[in-house]
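K.L.:
Whatever this is, show me its structure:
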Amino acid sequence: MWRKISLLGMGLVVSVVMGGGVMGAASLNGPSGLILMPTAESLSYMQSELAVDYRFVGEAQSHSIKYNIGIAKNLELGVFGGTVPAEGYFINAKYFLVADAQRLPLSLALGVQNVGSKTESSVYMVVSKRLDPSFGLHGGFMGVFTPTEVRPEMMAGLEYMMNEKVSVVADAMTVNKKVWVNAGVRIEVLPALLLRASVLDLTKSSDTSSMTSVGASYTIFL
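P.N.:
Modelled structure (predicted):
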């Protein structure tokens with residue numbers, strides 16, 4: 001597995017030379033965001049994105065597929081499924097507002113994830129602020145609903161654009177009262193094609209082996 005990831009990493013480095021500007025992408029959980037957390041930066045009206053991610057936990061492998069679209073000026077709707085989550089495909093939705101008319105405004109989003117799931121769904125609120133065009137901060141909270149409990153979770157993250165082609169992302173989320181810290185990179189190799197790779201749970205809060213993910217997304221305007 002690590003040989004495959006190393007080869008992919010070499011491919012990503014080569015892609016930097018061939019690429020074109022970093023754009024927003026779906027998180028591993030579906031909505032547009034960072035690695036695990038959603039952000040208040042959403043797809044534009046009639047912009048759509050198809051993303052596929054492969055997650056490696058030790059020697060085990062799973063995949064997820066996401067399709068998001070900006071169906072209205074301030075509304076993003078998506079479908080999320082694959083081998084993760086195991087139940088099937090679910091609906092995600094995010095409504096966002098821009099708080100002011102500044103060049104780098106503060107934005108707020110309210111969203112739902114995994115609508116229709118019988119095991120775990122969630123609602124969230126998140127705020128995003130660009131301190132300059134290359135650096136953004138994000139934070140919020142999430143309520144996770146399971147058949148036996150309602151669990152509050154916190155989340156925070158950042159994105160730093162190293163240049164027009166490459167950005168570094170990181171986020172932290174509480175999961176069952178433990179903090180997961182995740183880090184990754186995104187590389188635009190074509191005007192609409194984005195490759196990304198990430199390392200999950202750097203703090204080793206879970207009982208599982210090392211976790212990594214690699215994926216790609218393709219974005220177009222309809």
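K.L.:
give the contact list for the spatially most central residue of the chain.
P.N.:
Central residue of the chain (Cα atoms, centre = their mean): S27, 1.5 Å from the mean position. Counting by Cβ atoms under 8 Å, 6 or more residues apart in numbering, S27 makes contact with G33, L34, I35, L36, M37, P38. For glycine as for every other residue, the C-beta is placed from the backbone atoms N, C-alpha and C.
K.L.:
and the first one, how many neighbours?
P.N.:
Applying other Cβ atoms under 10 Å, we find 30 other residues in the vicinity of G33.
K.L.:
Which pLDDT value goes with it?
P.N.:
We have a pLDDT of 96 for G33.
K.L.:
my read: it touches L43, true?
P.N.:
No: G33 lies out of contact with L43 (Cβ atoms under 8 Å); the separation is 11.3 Å.
K.L.:
Throw the contacts of S27 into a markdown table and include distance to V169, thanks.
P.N.:
Shown next, in a markdown table, are the contacts of S27 (distance: Cβ to Cβ, whole Å):
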| residue | distance to V169 |
| --- | --- |
| G33 | 9 |
| L34 | 5 |
| I35 | 6 |
| L36 | 10 |
| M37 | 10 |
| P38 | 13 |
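K.L.:
Quick one: low-confidence residue ranges for the chain.
P.N.:
1-24, 99-101 (pLDDT under 70).
K.L.:
can you rerun that using 80?
P.N.:
For the chain, applying pLDDT under 80 flags the ranges 1-24, 84, 86, 98-102, 207-209.
K.L.:
picking up where we left off before, of the contacts of S27, which is the nearest to Y218?
P.N.:
G33 (17.2 Å; Cβ to Cβ).
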